[in-house]
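Peer 1: pasting the sequence and the predicted coordinates here, then a few questions.
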Amino acid sequence: AQSVSQHNHHVILSEAASLELGCNYSYGGTVNLFWYVQYPGQHLQLLLKYFSGDPLVKGIKGFEAEFIKSKFSFNLRKPSVQWSDTAEYFCAVNARNTGNQFYFGTGTSLTVIP
Amino acid sequence: EADIYQTPRYLVIGTGKKITLECSQTMGHDKMYWYQQDPGMELHLIHYSYGVNSTEKGDLSSESTVSRIRTEHFPLTLESARPSHTSQYLCASSDPRWAAFFGQGTRLTVV
């Protein structure tokens, strides 16, 4: 079975600091990769996704993620975080040829201090 | 803005009660999912559906059941709730490119 690992469980940053959240997956086949964000009291929203092509994908609100196939990684980055980025971030993987299942990491709680 | 709705948002019920968590989407997606999410834990897939009259169990063993009689509707039922069912339940649907859209979740407490 696939697994998705997010090694940072809780991250606390000051505003304007740079962010990088790690995501590694175990599946060796062709995958679709996603980052979801859940702001306090809100539902999960798609932040960005990778299907194919340029391994550096840009999402909403200045976030980007880089797919490194050799490292089975899809790390999320933002050059300068804002207080409004405080949220829970989930990495997810979906294998293209194995049906409908998404596999999610445990999530990373980000707190940005003003 | 994704059009997927879950009701109720919060539910507190007694042990042994039968409950149904509702999920509806207006995007015409064939694929729908139910996940269970506990604080600090990963999302676990408990049921999914390819389309009408198609349902499958996910990775996490669950005592719940689902039905898919209409494309837009994917309710989850617990025949006899127990305290171990206390959790947050998230419904999602995905578009043809596999991006998933989530409802706001139902937080269930069984006392």
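Peer 2: Cool, got the structure.
Peer 1: what's the closest non-adjacent residue to the spatially most central residue of chain B?
Peer 2: Central residue of chain B (CA atoms, centre = their mean): residue B:34, 3.4 Å from the mean position. Closest residue to residue B:34 apart from its sequence neighbours, by CB to CB, 6 or more residues apart in numbering or on different chains: residue B:47 at 4.5 Å. (Glycine included, C-beta is placed from N, CA and C.)
Peer 1: what about residue A:19, how many residues close to it?
Peer 2: Residues within reach of residue A:19, counting by other CB atoms under 10 Å in any protein chain shown, total 21.
Peer 1: same deal with residue A:85?
Peer 2: So residue A:85, with other CB under 10 Å, has 20 neighbours.
Peer 1: correct me if wrong: it contacts residue A:61.
Peer 2: Yes - the pair residue A:85 / residue A:61 is scored as a contact, 7.3 Å apart, by CB atoms under 8 Å.
Peer 1: any idea what the residue nearest to the centre of chain B is bridged to?
Peer 2: Here residue B:34 sits in beta bridges with residue B:47, residue B:91, as judged by DSSP bridges.
Peer 1: mutual contacts of residue A:85 and residue A:61, please.
Peer 2: residue A:78 (CB atoms under 8 Å, 6 or more residues apart in numbering or on different chains).
Peer 1: so who does residue 14 touch?
Peer 2: You didn't pick a chain, so chain A it is. Going by CB under 8 Å, 6+ apart, residue A:14 touches A:112-113.
Peer 1: wrong one, chain B
Peer 2: B:81, B:110-111.
Peer 1: quick one, what contacts the residue lying closest to residue B:3 once chain neighbours are set aside?
Peer 2: Nearest non-adjacent residue to residue B:3, counting by CB to CB, 6+ apart: residue B:26, 4.2 Å away. Residue B:26 makes contact with B:3-4, B:72, according to CB under 8 Å, 6+ apart.
Peer 1: go on, residue A:35?
Peer 2: Contacts of residue A:35 (CB under 8 Å, 6+ apart): A:23, A:46-49, A:59, A:63, A:65, A:74, A:76, A:89-92.
Peer 1: looking at these, which are in strands?
Peer 2: Among the contacts of residue A:35, the members falling in strands (DSSP state E) are A:46-49, A:65, A:74, A:76, A:89-92.
Peer 1: contact residues of chain B facing chain A?
Peer 2: Within chain B, the positions adjacent to chain A are B:2, B:31, B:33, B:35, B:40-43, B:45, B:48-50, B:56, B:58-59, B:90, B:92, B:94, B:97-105 by CB under 8 Å from any CB of the partner chain.
Peer 1: which of these count as buried?
Peer 2: B:2, B:31, B:33, B:35, B:42-43, B:45, B:48-49, B:58, B:90, B:92, B:94, B:98-105 (16 or more other CB atoms under 10 Å in any protein chain shown).
Peer 1: so where's chain A shaky on pLDDT?
Peer 2: Scanning chain A for pLDDT under 70 picks out A:1-2, A:96-101.
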